[in-house]
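Undergrad: Quick one, fold the following:
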Amino acid sequence: MTKIQVTAQQRANALDALNNMWPSVPPENVKKHLSWWREDRESNHTNTPPDCGAVACFGGWCAWWPAFRAQGVTSSSIGAPRLKGSPFSVATVLFGDFTMFYPSGEHEGDGGPKYRGTDHELVTKRLNWLIQNSEVVS
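TA: Residues are numbered from 1 along each chain as shown. From the prediction side, this is the model:
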């Protein structure tokens, strides 16, 4: 397998997410079967931390992590992560992996479509996979 090429900042972001940010997110605030970024689409979610579901919630939580906010990540009115003025996905900019926020079974690191763990565990699995299967390039 060819390694994913990432920048030093993307590698640092993956390590920060794995070792600091994601462990600080309560597993009970990462629920399965996301239908949208947030359950209540009518509310403004830019001022409240995510409590949404599925792997996509990882993106929502990224918008609340100070190190990622410092890199320009914000939260849209529906709780989705965004980067103002960037044509690229937040997952690509932060981690060099466009599919990082995809649903279970749609990421190469998931080990197939029938992952049986929690979404919280799945994000940890993906971050570990990314770190092991990427190389830093300048």
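Undergrad: Straight-line length of stretch 82-98, end to end?
TA: Its start and end residues considered, stretch 82-98 measures 13 Å (CA to CA, to the nearest Å).
Undergrad: Give the rounded mean pLDDT of that stretch.
TA: Mean pLDDT, computed over stretch 82-98, is 90.
Undergrad: Can you mark which positions in that stretch are buried?
TA: Neighbour counts over stretch 82-98 (16 or more other CB atoms under 10 Å) mark R82, L83, S89, V90, A91, T92, V93, L94, F95, G96, D97 as buried. (C-beta placed from N, C-alpha, C; glycine too.)
Undergrad: and the third one, what does it touch?
TA: By CB atoms under 8 Å, 6 or more residues apart in numbering, the contact set of S89 is F98, F101.
Undergrad: Look up how far P23 lies from it.
TA: Distance check for S89 against P23: by CB to CB, to the nearest Å, it reads 24 Å.
Undergrad: now swap in the fourth one and tell me
TA: Here the criterion is CB to CB. By it, V90 lies 20 Å from P23.
Undergrad: can you give me the strands for the chain?
TA: Remark: strands of the chain, listed N- to C-terminal, are 4-6, 73-75, 81-83, 134-136; assignment by DSSP state E.
Undergrad: for the third one, packing partners?
TA: When you say that, I think you mean strand 81-83. In this structure, strand 81-83 makes packing contacts with helix 56-62, strand 73-75, helix 90-95, judged by 3 or more CB pairs under 8 Å, 6 or more residues apart in numbering; DSSP states H and E.
Undergrad: if we can go back for a sec, could the buried residues of stretch 82-98 be laid out in JSON lines, adding distance to I131?
TA: Supplementary listing: those in JSON lines, determined by distance: CB to CB, whole Å:
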{"residue": "R82", "distance to I131": "25"}
{"residue": "L83", "distance to I131": "22"}
{"residue": "S89", "distance to I131": "19"}
{"residue": "V90", "distance to I131": "18"}
{"residue": "A91", "distance to I131": "15"}
{"residue": "T92", "distance to I131": "16"}
{"residue": "V93", "distance to I131": "17"}
{"residue": "L94", "distance to I131": "13"}
{"residue": "F95", "distance to I131": "10"}
{"residue": "G96", "distance to I131": "11"}
{"residue": "D97", "distance to I131": "11"}
